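Participant: Show me the folded form of this:
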Amino acid sequence: MNSTWKKAALLGAFTWLVYCMTCTGTSGDSQWSIPTARSLLYEGNADLNEYGAWLDQSGFHAIESVDGHHYTMFPVAVSVVALPFVAGAEAMFRVVAMLSPDLEAQLLDRSPVPYPHLSAVTFYWRLEQIIASLFCAMAVALFYVYACNRLPPRRALLVSLLLAFCTSTWSVAATALWQHGPSLLMIVAALRILQIAQEKDYRIQYLSIPLALAYVIRPTNSITLVILTVFVAIRHRRYLVKYLSWAMVVFVPFCAYNVVVYSALLPPYFMPGRLGGNNDFWIALVANIISPARGLFVYSPILLFAVLGAVRRLKQPNRDSLDYYVMAILILHWVAISSFPHWWGGKSFGPRFFTDVLPFLLYFLIPVLSVQRNAAWGRWIIPAVFVLLATASLAIHYRGASSPSVWAWNDTPVRIDEDPSRIWDWGDLSFFRTEDR
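Facilitator: Next up is the predicted model:
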């Protein structure tokens, strides 16, 4: 292991520790990710019928029923990639139950769900946060390796810390086992493969593996999958067949599962018809970047420098054609999430729907950090603004990660799903909330 990977491992460990110490659990829609993984582990299926009491207690929230079987409505791939960690937790709990029956009884008494045995579901909300944080920390570590090949080590560390703590990686993806944490890791892995394929182009064939995984984890990643497949078809045509073949390693079992469960190649959550139909599309388009409740540049103002970096990059005579593909991904993703009728993302914090493409935004922030400034205003004013915006972003996402009050904003004084106009309330910024009201 060379020094870059050692530093990346240390950065990942540090990031994971900070996440575990600061993040409050925000499990809601994600509450079935751990039970589904446990069902896969012990029963070889993804149905949740064995959790009947819990299903009743939750009012069958985020559950879909097919032929008498109950499943999470969200992608099962999240539970699949979490399976090794859930298996580890199960082994740990078996040891606790065997060595300390009294402790087992105490833990069961504290369990938020009606379940008769000590297992991963006993504290599913905390286990979600630990596993989600690990995925995010791994993404940050891998992004550092990627950045080290474009920046000096200190600046690579800086941009990696921005991804870790100045964006929704901290306040959203690391707080519960949503789709976003595993999705982030796959997107960063794709960026890294694109990078190493510049040295040896045969490596591009493996790009389809993280892209396919990103899609089955979160369907909006279909945009990234399609755009980068076009890139491979144009720039690396002789490897296209191998590229498509490696994708089948993911897509064949994915489709087989769907045929068995849903009698269709795609489950309902992946249907393209879920996008579109938003009568407030233009409002959503603007709100997703500048609104006080969901605006990307309000919650992570440091990403304004990514816009500057994109402009600078696209003006350079030696620009890479990949820049245009990355720009297309960002624009089309923005359009897609704005076309969704539930575009504000329900009970969430800040620009949750932008979380999956954060590595592409940081892709364009890197050129800003690579510039050597000579003029006085460039040497002092721009760095000062950069530090100011980074500090603001850090403070905002720390609040989102650590304070239940900022999440309570979604329910008080009225639920956001009942009154989406609250998204424009500059007098009640969620990250300034200090109490539920």
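
Participant: okay, CA-based contacts and neighbour counts for the rest of this
Facilitator: OK.

Participant: domains in this protein, as residue ranges please.
Facilitator: For the chain, automatic domain parsing gives the domain ranges 24-128, 275-437.

Participant: what mean pLDDT would you report for the last one?
Facilitator: By that I understand domain 275-437. The average pLDDT for domain 275-437 rounds to 91.

Participant: picking that back up, now for the domains of the chain, which one comes closest to residue 269?
Facilitator: Residue 269 lies closest to domain 24-128 among these, at 6.6 Å (CA to CA).

Participant: hang on, residue 70 in a strand?
Facilitator: Yes - counting by DSSP: H, G, I helix; E, B strand; the rest coil, residue 70 is part of a strand.

Participant: can you give me the strands for the stretch 1-150 of the chain?
Facilitator: Using DSSP state E, counting those that start in this stretch, the strands of the stretch 1-150 of the chain run over 63-66, 69-72.

Participant: hey, which of these is tucked in deepest?
Facilitator: Counting by mean count of other CA atoms under 10 Å, strand 69-72 has the highest mean neighbour count of the strands of the stretch 1-150 of the chain, with a mean of 19.

Participant: Tell me the helices and strands packed up against the longest helix along the chain.
Facilitator: Secondary structure assigned by DSSP state H gives helix 124-148 as the longest helix of the chain. Applying 3 or more CA pairs under 8 Å, 6 or more residues apart in numbering; DSSP states H and E, one finds that helix 124-148 contacts helix 3-22, helix 33-43, helix 153-165, helix 180-196.

Participant: Next SSE downstream of the last one?
Facilitator: Read it as helix 180-196. Under the assignment DSSP states H and E, the closest C-terminal helix or strand after helix 180-196 is helix 208-217.

Participant: re the thing from before, select, out of the helices and strands packed on helix 124-148, the one closest to residue 115.
Facilitator: Nearest to residue 115, of all those, is helix 33-43, at 11.0 Å by CA to CA.

Participant: Which residues outside that closest one are in contact with it?
Facilitator: Helix 33-43 has contacts (CA atoms under 8 Å, 6 or more residues apart in numbering) with 45-48, 72, 76, 78-80, 82-83, 86-87, 120-121, 124, 127-128, 177.

Participant: Can you turn the buried part of these into a ChimeraX selection?
Facilitator: Typed into ChimeraX, the line below selects the buried ones among the contacts of helix 33-43, using 16 or more other CA atoms under 10 Å:
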select :46,47,48,72,76,78,79,80,82,83,86,87,120,121,124,127,128,177
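
Participant: Keep only those of the contacts of helix 33-43 that are in helices.
Facilitator: Here DSSP H is the test, and the contacts of helix 33-43 give 78-80, 82-83, 86-87, 124, 127-128 as lying in helices.

Participant: Tell me how many other residues surround residue 151.
Facilitator: Neighbourhood size, residue 151 [other CA atoms under 10 Å]: 19.

Participant: Please report the distance of it from residue 118.
Facilitator: Taking CA to CA, to the nearest Å as the measure, residue 151 falls 48 Å from residue 118.

Participant: ok, now residue 238?
Facilitator: From residue 238 across to residue 118, the span is 53 Å (CA to CA).

Participant: residues contacting residue 131?
Facilitator: Contacts were defined as CA under 8 Å, 6+ apart; by that measure residue 131 touches 82, 85, 177.

Participant: Adding distance to residue 209 as columns, could you present the strands of the stretch 1-150 of the chain in CSV?
Facilitator: CSV is the format used below for the strands of the stretch 1-150 of the chain (distance: least, CA to CA, whole Å):
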stretch, distance to residue 209
strand 63-66, 28
strand 69-72, 24
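
Participant: Redo these as JSON lines? Include mean pLDDT.
Facilitator: As requested, the strands of the stretch 1-150 of the chain are exported to JSON lines (pLDDT from 0 to 100):
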{"stretch": "strand 63-66", "mean pLDDT": "95"}
{"stretch": "strand 69-72", "mean pLDDT": "96"}
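
Participant: quick one: which of the ones you listed is nearest residue 100?
Facilitator: Taking CA to CA, strand 69-72 is the member of the strands of the stretch 1-150 of the chain nearest to residue 100, at 33.1 Å.

Participant: so what strands line up beside the closest one?
Facilitator: If you go by DSSP bridges, strand 69-72 pairs up with strand 63-66 (antiparallel).

Participant: residues near residue 270, how many?
Facilitator: That count, for residue 270 with other CA under 10 Å as the rule, works out to 18.

Participant: Mind checking which of residue 238 and residue 118 has more residues around it?
Facilitator: Using other CA under 10 Å as the criterion, residue 238 and residue 118 rank with residue 118 on top: 20 against 14.

Participant: Give me the pLDDT for residue 272.
Facilitator: What the model reports as pLDDT for residue 272 is 86.

Participant: change the start of the numbering to 730 and stick with it
Facilitator: Happy to do that; since the first residue is 730 now, the last one works out to residue 1001.

Participant: gap between the longest helix of the chain and the chain center?
Facilitator: Remark: helix 853-877 is offset 10 Å from the chain centroid, using CA atoms, centre = their mean, to the nearest Å.

Participant: same deal with stretch 1008-1019?
Facilitator: 21 Å.

Participant: Any chance you could list what contacts it?
Facilitator: Stretch 1008-1019 has contacts (CA under 8 Å, 6+ apart) with 1023-1027, 1063-1064, 1067-1068, 1070, 1072-1073, 1080, 1152-1153.

Participant: What about those, which are in helices?
Facilitator: Using DSSP H, 1025-1027, 1063-1064, 1067-1068 are the members of the contacts of stretch 1008-1019 that sit in helices.

Participant: Would you mind measuring from the closest residue to residue 990 other than its chain neighbours to residue 777?
Facilitator: Closest residue in space to residue 990, ignoring its immediate chain neighbours: residue 795 at 7.4 Å, by CA to CA, 6 or more residues apart in numbering. Per CA to CA, residue 795 is found 11 Å from residue 777.

Participant: residues touching residue 865, list them.
Facilitator: Residues counted as contacts of residue 865 (CA under 8 Å, 6+ apart) are 745, 893, 898, 902-903, 910-911, 913-914.

Participant: got any ranges where the stretch 830-979 of the chain has weak pLDDT?
Facilitator: For the stretch 830-979 of the chain, not a single residue meets the criterion pLDDT under 70.

Participant: how close does the spatially most central residue of the chain sit to residue 856?
Facilitator: Taking CA atoms, centre = their mean as the criterion, residue 909 is the residue nearest the geometric centre of the chain, at 2.0 Å. Noted for residue 909: a distance of 16 Å to residue 856, by CA to CA.

Participant: do the same with residue 1111
Facilitator: Residue 1111 is 41 Å from residue 856, by CA to CA.

Participant: can you confirm residue 1046 is in a strand?
Facilitator: No - using three-state DSSP, the assignment for residue 1046 is coil, not a strand.

Participant: burial measure for it, as a count.
Facilitator: So residue 1046, with other CA under 10 Å, has 7 neighbours.

Participant: how about it, what does it touch?
Facilitator: Counting by CA under 8 Å, 6+ apart, residue 1046 has no contacts.
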